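> The following comprises the amino acid sequence and a computationally predicted model.
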Amino acid sequence: MKKGSTDPVTRVFAWLAIAVIGLPIIAIFIKVPWSTFFTSIRGDGSLTAIKLSLWTSLLAALVCLILGVPLAWWLTRSSPRVSNIVRPIVLAPIALPPTVAGLALLGLLDRRGLLGTPIYKLFHWQMPFTVSAVIFAGVFVGLPFLVLVAESAFRQLPRDVQDAAVIDRATHGQVFRLIAIPQSRSGIVTGLVLAWARILGEFGATMMFAGSLPGTTQTWTMQIYQELSVSPDTAYALSLAMVLIAITVIFLLRKPLTQAFSR
């Protein structure tokens, strides 16, 4: 069969799907007031929110990398009985509604939360509605994406290379650090960038857990939400900037993503 050939019905539904996704994005491009685009983004409130989102999302992504890569490796090496129980829990935030994710974080870390109560009693400090809450919420929603892609990459490693290293008296830690990570670096980087993009665009969980305090916890997405009722032009300008980032990320990762999810 000739590559790229499809029946007419399939083509119709395919183009309908493209329209459902593409037209809203095109609408943002059309609605943006280009004459004031850069002025809107450079506004004090907008610039502060963008800077906050960038550095907190990068820090959260770094935490995801530090925690997620060992977790992904552990899932590939643990028994199926264990991994089949742990994996759904680890990946659950991908499917959780943002409000439920935010409520879960509050239930854990607010002043009356599972861990928040002893923390508050010991240190008289609580995480909700602080910059730390923004970062923690980012880790919660971003970590599953890194684990998902990194585990897929680890599972594709040639087992004979790992077995040969063990025969040569390499420790399990050395196999992980010197063989698994270097050979899976493309998948790890792909997962890291996806996690960062997800963290950067987070709204619901962060809103519930960290609030929207201008200059403190008001992130890029929250600024968009606020500007929608104050200055729609600014909201569209900020949204377009985020759309451009999303498209750029997916474009740069198109080949690694195809390889990761076609295995």
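Looks like it arrived, so ask away. Numbering: from 1, shown residues only.
> For the helix or strand containing L54, which helices and strands make contact with it?
Assigned by DSSP states H and E, L54 belongs to helix 44-77. Packing partners of helix 44-77 (3 or more C-beta pairs under 8 Å, 6 or more residues apart in numbering; DSSP states H and E): helix 37-41, helix 80-95, helix 131-155, helix 185-200, helix 220-230, helix 232-252. Glycine gets a C-beta too; all of them are placed from N, C-alpha and C.
> Reformat the ones you listed as CSV; add mean pLDDT.
Listed next are those as CSV, based on pLDDT from 0 to 100:
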stretch, mean pLDDT
helix 37-41, 84
helix 80-95, 92
helix 131-155, 95
helix 185-200, 92
helix 220-230, 92
helix 232-252, 89
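> Identify, out of the ones you listed, the most deeply packed stretch.
helix 131-155 (a mean of 24; mean count of other C-beta atoms under 10 Å).
> how close does Q126 sit to Q218?
19 Å (C-beta to C-beta, to the nearest Å).
> Next: V82.
41 Å.
> circling back to that earlier point, the more surrounded of Q126 and Q218?
The neighbour count for Q126 versus Q218, taken as other C-beta atoms under 10 Å, is higher for Q218 (23 against 18).
> Checking the nearest residue to that one once chain neighbours are set aside next. Helix, strand or coil?
The spatial neighbour of Q218 that comes closest, neighbours along the chain excluded (C-beta to C-beta, 6 or more residues apart in numbering), is S212 at 4.7 Å. For S212, the assignment made with DSSP: H, G, I helix; E, B strand; the rest coil gives coil.
> so A19 is in which element?
helix 8-31.
> neighbouring contacts of that helix?
Identification of contacts with helix 8-31 by C-beta atoms under 8 Å, 6 or more residues apart in numbering yields 6, 236, 239-240, 243.
> I'd like those laid out as JSON lines, including distance to F136.
Conversion of the contacts of helix 8-31 to JSON lines gives the following (distance: C-beta to C-beta, whole Å):
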{"residue": "T6", "distance to F136": "46"}
{"residue": "Y236", "distance to F136": "30"}
{"residue": "S239", "distance to F136": "25"}
{"residue": "L240", "distance to F136": "29"}
{"residue": "V243", "distance to F136": "26"}
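> from those residues, which is closest to S35?
The shortest approach to S35 among those belongs to Y236, at 12.5 Å (C-beta to C-beta).
> check contacts around that closest one.
Y236 sits next to 28, 31-33 when contact means C-beta under 8 Å, 6+ apart.
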